[in-house]
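Sequence first, predicted model second:
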Amino acid sequence: MDEMDFSPSDLNDEGISYMYSWEESLRSSIFIASSQILVTKTTFYSYTGGAHGFGGDNYCVYSLLNGKRLSLGDVFLSDSSSRADVSKFLHSALRSLIANDEDYRDMEVFSWDDVKPVENFYVSSKGITFVYLPYDISAYCYGQISLTLPFAAVQPYLIPESPVYKY
């Protein structure tokens, strides 16, 4: 065993040092499958030291028509007014979440400029959900935040040829 620099206070009750402990986990699954699209979900967690670990969910949307992973540019119209309108819908969804959840008491803790369409999104029967990992739009203590926009709200901003539009 290599010599390590630690004191007896670094040992737990069993005499094992956790000073250099780390943990990583990764789990992927098919989240949604239809004739047009496939959505995968990858849940990750990593602890490499410090006050807490970091984790969350990453989603990927694939077209089953051509096998391509779909980005925002493949789903949403590219003009700036479309992105701005979708951002307004996301702001509204976040305000609604804040109003209906006691854990989100203070609107000041959110980075409103970062509440915009992100590549971490998925499509379901409820609409398009954008997923923000801890620190993306607020403090770590608020965790992962998911904001769902109903299809009726976003359909005018979708590319009509996109498999998401057809979904």
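Thanks, I have it.

Residue 144 touches residue 133, doesn't it?
Yes - proximity of residue 144 to residue 133 meets the contact threshold set by Cβ atoms under 8 Å, at 5.7 Å. To be clear about C-beta, it is placed using only N, CA and C from the backbone, and glycine gets the same treatment.

Can you tell me the closest non-neighbouring residue to residue 133?
The shortest distance from residue 133 to any residue that is not its chain neighbour, by Cβ to Cβ, 6 or more residues apart in numbering, is 4.0 Å, and that residue is residue 56.

what's the distance between the one you found and residue 73?
When distances are taken as Cβ to Cβ, to the nearest Å, residue 56 and residue 73 turn out to be 23 Å apart.

ok, those two, which is more surrounded?
Set side by side, residue 56 and residue 73 give different neighbour counts by other Cβ atoms under 10 Å, the larger being at residue 56 (18 against 10).

Across the sheet, point out what pairs with the more buried one.
With DSSP bridges applied, the residues forming beta bridges to residue 56 are residue 44.

mind showing which ranges of the chain have poor pLDDT?
Scanning the chain for pLDDT under 70 picks out the ranges 1-20, 103-107.

Enumerate every residue touching the spatially most central residue of it.
With distances taken as Cα atoms, centre = their mean, residue 131 lies nearest the centre of the chain, 2.9 Å away. Under the criterion of Cβ atoms under 8 Å, 6 or more residues apart in numbering, the neighbours of residue 131 are 56-59, 118, 120-122, 144-146.

between those, which has the most around it?
Each of those was scored by neighbour count (other Cβ under 10 Å); the top score is that of residue 121, with 24 neighbours.

can you give me the helices for the protein?
Taking DSSP state H to define them, one finds helices in the chain at 72-75, 80-100, 151-154, 163-166.
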